[in-house]
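S.K.: Build me a model from this:
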Amino acid sequence: MGRRASSSINATAIVGIIAVIAILVGVGFIILNRKGETFEDVAPLLVQEALENGNSLRGNEYRVEGKLLTRWPREEGAVVEILVEETGKSTHFPIIVPANVSSVNFEREQRYAFKIKFGDGGVAIATDVKRL
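M.R.: As a prediction, the model looks like this:
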């Protein structure tokens, strides 16, 4: 009588399947926990300088990060006030966020990164927003 072939899965296949599952779990974890781009290609804003003479910054683009304190809705978007930590000081900084810039749902006490340009009169206007 002849021997029957074994139909069990060999050890190499089991190790391969476990490795693939581990890689997929790791990639999923990285994707779910990664932070959004915080506009590293844009110069950081010196908030004190902007508050003293924002008109001199007109036409330039900067990035600023801070914790959202207040949001005032407007027909064309919103005005937000963020708390920026800079050189050991906390400073309140207002930004106009046009409706066409972002679909971010602003929540108080959350951190956001803004890419801003200064308009007429030295007013900060967001050109992009990311939640941190």
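S.K.: Could you point out the longest helix of this structure?
M.R.: helix 11-33 (DSSP state H).
S.K.: Quick check: buried residues in the strand ranked longest in the chain?
M.R.: The strand that spans the most residues within the chain, counting by DSSP state E, is strand 61-74. Residues of strand 61-74 classed as buried under the neighbour-count rule (16 or more other C-beta atoms under 10 Å) are 61-68. C-betas here are computed from N, CA, C, even on glycine.
S.K.: And for stretch 124-131?
M.R.: By neighbour count on 16+ other C-beta under 10 Å, the buried set for stretch 124-131 is 124-126, 128-130.
S.K.: Pairing partners for the helix or strand in which residue 112 is found, with directions?
M.R.: Per DSSP states H and E, residue 112 falls inside strand 111-118. The strands beside strand 111-118 in its sheet (DSSP bridges) come out as strand 61-74 (antiparallel), strand 124-131 (antiparallel).
S.K.: mind putting those strands in CSV, mean pLDDT and distance to residue 89 included?
M.R.: Below are the strands paired with strand 111-118 laid out as CSV (pLDDT from 0 to 100; distance: least, C-beta to C-beta, whole Å):
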stretch, mean pLDDT, distance to residue 89
strand 61-74, 90, 12
strand 124-131, 90, 18
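S.K.: which residues touch stretch 74-81?
M.R.: 68-72, 92-101, 106, 112 (C-beta atoms under 8 Å, 6 or more residues apart in numbering).
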